[in-house]
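> Sharing a sequence plus its predicted fold:
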Amino acid sequence: MSQYHLAEFEEIVLLTVSILDGNAYGLSIIEEIDKRIHRKVSLGAIQTVLKRLEEKKFLKSEFGEATKIRGGKRKRYYTITGEGHSILKETKEQRMGLWEAVPAYSIQFS
């Protein structure tokens, strides 16, 4: 069991970086979150969580090539680490355990 746990938004960002599989940078993460769960997120919020996940060793980052389109600025790309995969697996197992413990009669779907 990890010494860390994931907050909801951290989990969403970490899952999104996994989905983007090598093409995860600030704007692509925002667009993917909006596309998949229809949640509007600011760049500042994303950058804060990315930094925190990197400090926890769940993500690593590196700069891509400079492009003329970005005025010579390079994108910072994020990838999930082994520790990141482990915490996602642990979080999924915890959530599934909770869902499985809910009595069937108490879950009503329309």
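Here it is on my side, so go on.
> hey, which helix or strand in the chain has the poorest pLDDT?
Of all helical and strand segments in the chain, the minimum by mean pLDDT, DSSP states H and E falls on strand 59-66, at a mean of 89.
> next structured bit after that strand?
The element immediately downstream of strand 59-66 (helix or strand, assigned by DSSP states H and E) is strand 74-80.
> Quick one: distance of the least confident helix or strand of the chain to the chain centre.
A distance of 16 Å separates the centroid of the chain from that of strand 59-66, by C-alpha atoms, centre = their mean, to the nearest Å.
> thought residue 83 was touching residue 58?
Yes: the criterion here is C-beta atoms under 8 Å, and residue 83 meets it with residue 58 at 5.6 Å. (Each C-beta comes from the backbone N, C-alpha and C, glycine too.)
> So what touches the least confident helix or strand of the chain?
When contacts are defined by C-beta atoms under 8 Å, 6 or more residues apart in numbering, strand 59-66 is touched by residues 14, 17, 25, 50, 53-54, 72-81, 84.
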